[in-house]
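# please work out how this folds:
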Amino acid sequence: MTTLAILLEIGIGLAKMGAGIGAGLATMGAGIGIGQIGGKAVEAIARQPEAVGDIRTNMIIAAALVEGVAFFAIVISLLIIVLK
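Reported below is the predicted structural model:
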């Protein structure tokens, strides 16, 4: 094997490892973000029970946006693994 081939194999391995780490960080970040959203929503509902509908709607929209960003990051990481 030539030196270039060895370096390419190492580079591909590092890219796959980086993609896996990136996917893991994206899911952990999304979990933390959605947990924060839910916790703050419960606190807001406890302070103003009459605003339950508005708070719930905003919470669901924010959680969906966080989930969408995490899904995008995971898809990009999987594409790096497959296409490399």
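# break down the chain into its helices, ranges please.
Per DSSP state H, the chain carries helices over the ranges 3-47, 52-83.
# any idea how far Leu83 is from Gly31?
27 Å (Cβ to Cβ, to the nearest Å). C-beta here means a position set from N, CA and C on the backbone, and glycine is covered the same way.
# more neighbours, these two?
Between Gly31 and Leu83, Gly31 has the larger neighbour count (other Cβ atoms under 10 Å), namely 12 against 8.
# roughly how far does the more buried one sit from Leu78?
When distance is defined by Cβ to Cβ, Gly31 is 18 Å away from Leu78.
# do the same with Ile45
Computed as Cβ to Cβ, the Ile45 to Leu78 distance reads 37 Å.
# residue contacts, the closest residue to Gly18 other than its chain neighbours?
Once flanking residues are discounted, Gly18 sits nearest to Ile80: 7.6 Å by Cβ to Cβ, 6 or more residues apart in numbering. Ile80 makes contact with Ala15, Lys16, Gly18, Ala19, Gly22, according to Cβ atoms under 8 Å, 6 or more residues apart in numbering.
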